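>>> Structure for the following, please:
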Amino acid sequence: VAGDGEFAFLDILERKDLPLVINAEQLTSEQMENLPLPWRDKEFLSKYVYFIEGKRATTVMASRYCPMRCKFCEERDCKLTLYSPEKLDKELEQIKKLGFEAVMFYDDILPLSKERTEKICVITKKHGIIFRCNGHVRTISQHPEILKIMKDSGCVEVCLGIESADQRILNIVDKGNKVEEIFQATKNVLDAGLKLSAYLIIGLPGESKESIANTEKYIAEFSGNPLFTFDYTIFYPYRHTYIRENLQEFDLQLHLEGSTGAYKQAGGISECCISTSSLTQKDIIKERGKIIEEYRSNFRGSVKTNK
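The predicted model follows:
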């Protein structure tokens, strides 16, 4: 099933005559609102060991998809859809009754606007739940007051999809951010006393030693702060993304023989199946390893790589 699978799975369970691959339509916010609460079984969830700040944690979503149009993302052409605060309230009530005291919001971006963030934070504070979430560089760089609201309502960590701190690379992949916004957003999160997890990618189209050096400058700027961590994954060009479907537009070569298609595998192992005109596969692996080793105390992933 490709797409939102709720109704497609109903068709499968009812043994309808269906194609091998079902391309399910994206649900509207109204359809999502009318779905029952997710099935959360205490015994089943107990098999997953996940803690945030020492508290038992599970996952929740207040929205689906992302309003941005990054060319490396499969969701580029999807429409942002929202659950109501009332729906979230019921889910967090359910989660709290199961004994969980923390959640990871798996929304692509939780703080979409100040107004919506305030409504969500009223609910997390009501239930006494702490949380991690994904943020957006531009929103957080321009509206640091959101971070105080979030912290006062249980937020302990903000994750930012930064990808690269080189403006040329950001422009190539339509990231929609300026490098100065990246630095400001990171500073705002750390100044608010929140943990910051920076998601970085090496090997995007056009990557060079110069662009990697600019990303390293970003890491170095904040490496002295114990609240700052980063992950540094090797780019994998997934099918149906703009980059994969329009390779002729980009400085990127694929080497897919033996590739599993997993940007992370067991133990956090990454594989490198790409190169650029400036960097071979071995170069990309080597440059990634050097940066991880230099800033090991801030790195939150695994350095292992399938070559």
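
>>> Is it correct that residue 232 falls within a strand?
Yes: secondary structure assignment (DSSP: H, G, I helix; E, B strand; the rest coil) places residue 232 inside a strand.

>>> does it have beta-bridge partners, and which?
residue 200 (DSSP bridges).

>>> Cross-check the contact I'm expecting between it and residue 290.
No: counting by C-beta atoms under 8 Å, residue 232 stays clear of residue 290, with 10.7 Å between them. Bear in mind the C-beta positions are built from the backbone N, C-alpha and C, glycine included.

>>> For the closest residue to residue 27 other than its chain neighbours, give its distance to residue 33.
In space, and not counting its chain neighbours, residue 27 is closest to residue 4: 4.5 Å by C-beta to C-beta, 6 or more residues apart in numbering. Residue 4 sits at a distance of 13 Å from residue 33 (criterion: C-beta to C-beta, to the nearest Å).

>>> Looking only at neighbour counts, state which of those two leads.
Each of residue 4 and residue 33 has its neighbours counted (other C-beta atoms under 10 Å); residue 4 has more, 20 against 14.

>>> The more buried one: what's it in contact with?
Residue 4 sits next to 24, 25, 26, 27, 64 when contact means C-beta atoms under 8 Å, 6 or more residues apart in numbering.

>>> Mind doing that once more with 6 Å?
Residue 4 makes contact with 24, 26, 27 under the criterion C-beta atoms under 6 Å, 6 or more residues apart in numbering.

>>> which one of these is nearest residue 294?
Residue 294 has its nearest neighbour among these in residue 26, at 42.1 Å by C-beta to C-beta.

>>> Show the model's pLDDT score for the closest residue in space to that closest one that isn't next to it in sequence.
Of all residues beyond its chain neighbours, the one nearest residue 26 is residue 4 (5.5 Å), with distances taken as C-beta to C-beta, 6+ apart. Per-residue pLDDT puts residue 4 at 90.

>>> helix, strand or coil for residue 197?
strand.

>>> Can you give me the neighbour number for residue 201?
21.

>>> ugh, wrong one, I meant residue 161
21.

>>> do the same with residue 26
With other C-beta under 10 Å as criterion, residue 26 counts 15.

>>> Show the pLDDT at it.
91.

>>> Can you classify it by secondary structure?
Residue 26 ends up coil, using three-state DSSP.

>>> do the same with the one 4 residues further on
With three-state DSSP as the basis, the three-state label of residue 30 is helix.

>>> Residue 131 too?
Classified using three-state DSSP, residue 131 is strand.

>>> picking that back up, which helix or strand contains the residue nearest to residue 26?
In this assignment (DSSP states H and E), residue 4 forms part of neither any helix nor any strand.

>>> separation between it and residue 29?
Residue 4 is 12 Å from residue 29, by C-beta to C-beta.

>>> give me the low-pLDDT residue ranges for this protein?
Along the chain, the model assigns pLDDT under 70 to residues 267-268, 302-307.

>>> before we move on, the earlier item: give me the more crowded residue out of residue 232 and residue 290.
The neighbour comparison of residue 232 against residue 290 (other C-beta under 10 Å) goes to residue 232, with 24 against 12.

>>> tell me the contacts of the more buried one?
By C-beta under 6 Å, 6+ apart, the neighbours of residue 232 are 200, 202, 288.

>>> so how far is the helix or strand containing residue 185 from its chain's centroid?
Following DSSP H and E, the helix or strand that holds residue 185 is helix 179-191. From the chain centre to the centre of helix 179-191 is a distance of 17 Å (C-alpha atoms, centre = their mean, to the nearest Å).

>>> What count of nearby residues applies to the nearest residue to residue 162 once chain neighbours are set aside?
Residue nearest to residue 162 in three dimensions, not counting chain neighbours: residue 198, with 5.0 Å by C-beta to C-beta, 6+ apart. Using other C-beta under 10 Å, residue 198 has 26 other residues around it.

>>> Tell me the spacing between the residue nearest to residue 26 and residue 286.
41 Å.

>>> do the same with residue 39
For residue 39 relative to residue 286 (C-beta to C-beta), the value is 46 Å.

>>> Next: residue 208.
14 Å.

>>> same deal with residue 248?
Per C-beta to C-beta, residue 248 is found 28 Å from residue 286.

>>> Comparing those two, which residue is more hemmed in?
Remark: of residue 248 and residue 286, residue 286 carries more neighbours, 12 against 6, as counted by other C-beta under 10 Å.

>>> Which of the residues in the helix or strand hosting the more buried one are classified as buried?
According to DSSP H and E, residue 286 maps onto helix 281-294. Neighbour counts over helix 281-294 (16 or more other C-beta atoms under 10 Å) mark 281, 283, 284, 285, 287, 288, 291, 292 as buried.
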